[in-house]
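>>> Mind folding the following:
(2 chains)
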Amino acid sequence: MATDPVLLQAVADLFPNGISRYAVGGLLVGLGTVLIYVGTGIPAGASTFLESTLSYVSDQSRFQRYVGSRDWRLVFTAGIVLGGLAFAATVQSGAITSSLYQPGTTGRLYEVGGVTLWMTEVQPWRLFLGGILVGVGTRIGKGCTSGHGVCGVGSASKTSVIGVVTFLAVAIGTAQVVAALGVSP
Amino acid sequence: MSSDRHPLFKPLIFVGGLVFGFGLGFSHMARPEVVINFLTFTDLGLPFVMFGAAIVSGVAFATVPRIRDAAPLTGDSYERRLKPFDRNVLVGGAVFGVGWGLSGICPGAAYASLGVGNVTILWALAGMFLGAYAQGYWRSRATARDTAATGAD
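Residues are numbered from 1 along each chain as shown, chains lettered A, B, ... in the order given. Take a look at the predicted model:
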């Protein structure tokens, strides 16, 4: 029965922050991707930026192949950073409130010039070491969460579905092991 | 991929990036804690971000090519994002998985995370550039047997 209180409690435990902020955020990520696709025909992913930007400072052949796209990829990334800032200045700062947005309790908030900003409490060594592996893995694996996960899955690409299943399964295993080892945050 | 593109090419890319980054902020995917909470099964909401976005883009990828022949700002034809499968997809995916599971951050979310004020994420971004450089350095040297390579996102 849908109104079974035990079942409702179980669902609430699995989704302590509801699903609306995730779903609305996902729709916006999709909308940004679609805007670019409709105008330019490009299914844009986020991780190629790492290599295309390296082509400004390195003449390795692997990076030079991205010279043609490095300028717009820089613009795309600048947009993503400023989109995050626009979110901070509006919803995160409370200037716009919505029942679809659940603020949660992760990390810590601080204020600069009336804008509420957010800082992670995950330890820097995890971010740095994890970042290195993300940099190697996304480039060798031909895509990341947006390239494979959004554009590739949206294209019903078998390669991307396999890529997503692989990194999702390994990430779950890794995070469980790290948590079991008592590393927190 | 010519350099003399339509004057609205970069402005549109920028606006698309803005919406994309706002969505990553709103969804909290730009917060490593929230990703780690999903991967350790304490908050299962996160898949709605990636799969929600995949559904939206999937609808566009399936319908836009039937409505128009070429994109207005580039003249390029509309194509789906299809990459050839090989062992690298598994190896790279697994390495990415370890990194994502350890740090709770992926590239797009890291850019947005910087925007929401998370200066500490510069550690992750520095790592990503270092990792991308290391594999690029190594692969540039292995170019001889890497002739069939294609671009990746």
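
>>> Tell me which stretches of the chain form helices.
Defaulting to chain A. Shown for chain A, the helices assigned by DSSP state H span residues A:5-14, A:20-40, A:48-54, A:61-64, A:70-87, A:124-140, A:153-154, A:158-180.

>>> could you do chain B instead?
Using DSSP H, the helices of chain B run over residues B:9-27, B:32-39, B:47-67, B:87-103, B:107-115, B:122-141.

>>> right, so those helices: which one is the most enclosed?
By mean neighbour count, with neighbours taken as mean count of other C-beta atoms under 10 Å in any protein chain shown, helix B:107-115 ranks first of these at a mean of 30. The way it works is simple: take the backbone N, C-alpha and C, and place the C-beta from them, glycine included.

>>> how far off helix B:47-67 does that one point, in degrees?
Angular relation of helix B:107-115 and helix B:47-67 on a 0 to 180 degree scale: 110 degrees, by axes from the mean of the first three to the mean of the last three C-alpha atoms, to 10 degrees.

>>> which residues touch helix B:107-115?
Contacts of helix B:107-115 with the rest of the structure, by C-beta atoms under 8 Å, 6 or more residues apart in numbering or on different chains, involve A:29, A:45-47, A:49-50, A:77, A:80-88, A:120, A:131, A:134, A:138, A:144-146, B:20-21, B:24-25, B:29-32, B:35, B:105, B:121-122, B:124-125, B:128.

>>> Contacts only, for the residue nearest the centre of chain A.
Taking C-alpha atoms, centre = their mean, the centroid of chain A lies closest to residue A:145, which sits 6.7 Å from it. Contacts of residue A:145 were listed using C-beta under 8 Å, 6+ apart, and they are A:46, A:167, B:50, B:100, B:106-109.

>>> Throw those into a markdown table and include distance to residue A:102 and pLDDT, thanks.
A markdown table is the format used below for these (distance: C-beta to C-beta, whole Å; pLDDT from 0 to 100):
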| residue | distance to residue A:102 | pLDDT |
| --- | --- | --- |
| A:46 | 25 | 97 |
| A:167 | 26 | 98 |
| B:50 | 18 | 96 |
| B:100 | 23 | 98 |
| B:106 | 21 | 97 |
| B:107 | 25 | 98 |
| B:108 | 21 | 98 |
| B:109 | 18 | 98 |
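
>>> Could you dump those residues into CSV and include distance to residue B:58?
Listed next are the contacts of residue A:145 as CSV, based on distance: C-beta to C-beta, whole Å:
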residue, distance to residue B:58
A:46, 18
A:167, 19
B:50, 12
B:100, 22
B:106, 20
B:107, 21
B:108, 18
B:109, 20
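
>>> ok, how many other residues are close to residue 72?
Using chain A here. Around residue A:72 sit 23 other residues, with neighbours defined as other C-beta atoms under 10 Å in any protein chain shown.

>>> not quite, I wanted chain B
Taking other C-beta under 10 Å as the neighbour definition, residue B:72 ends up with a count of 14.

>>> For residue A:27, see how far away it is.
Look at residue B:72 and residue A:27: by C-beta to C-beta, to the nearest Å, they are 24 Å apart.

>>> same deal with residue A:108?
In this structure, residue A:108 and residue A:27 are 28 Å apart, going by C-beta to C-beta.

>>> quick one: which of these two has more around it?
In this comparison of residue A:108 against residue A:27, neighbours counted by other C-beta under 10 Å, the higher total goes to residue A:27 at 20 against 10.

>>> Might you report the residue contacts of that one?
For residue A:27, the contacting residues are B:23, B:52-53, B:56, by C-beta under 8 Å, 6+ apart.

>>> go on, residue A:144?
Residue A:144 makes contact with A:45-47, A:134, A:138, B:96, B:106-108, B:153 under the criterion C-beta under 8 Å, 6+ apart.

>>> ok, now residue A:43?
Contacts of residue A:43 (C-beta under 8 Å, 6+ apart): A:33, A:37, A:151, A:154-155, B:57, B:61, B:79-81, B:153.

>>> switch the cut-off to 7 Å
Contacts here follow C-beta atoms under 7 Å, 6 or more residues apart in numbering or on different chains; on that basis residue A:43 touches A:37, A:151, A:155, B:81.

>>> how much space between the second one and chain B?
Separation of residue A:151 from chain B (C-beta to the nearest C-beta, to the nearest Å) stands at 4 Å.

>>> and what of the third one?
With distances defined as C-beta to the nearest C-beta, the gap from residue A:155 to chain B amounts to 4 Å.

>>> Return the backbone torsion pair for that residue.
Comment: the main-chain dihedrals of residue A:155 come out as phi -90, psi 0, following degrees, to the nearest 10.

>>> neighbours around it, how many?
When counting by other C-beta under 10 Å, one arrives at 23 neighbours for residue A:155.

>>> And the residue lying closest to it once chain neighbours are set aside, what's its pLDDT?
Distances taken as C-beta to C-beta, 6 or more residues apart in numbering or on different chains put residue B:80 closest to residue A:155, at 3.6 Å, once the chain neighbours are dropped. Note for residue B:80: predicted pLDDT of 94.

>>> Show me the shaky parts of chain A.
Confidence mapping of chain A against pLDDT under 70 gives the ranges A:1-2.

>>> run the last query once more with 90
Regions of chain A meeting the criterion pLDDT under 90 cover residues A:1-5, A:7-8, A:10-12.

>>> what do you get for chain B?
Across chain B, residues meeting the criterion (pLDDT under 90) sit at B:1-5, B:142-153.
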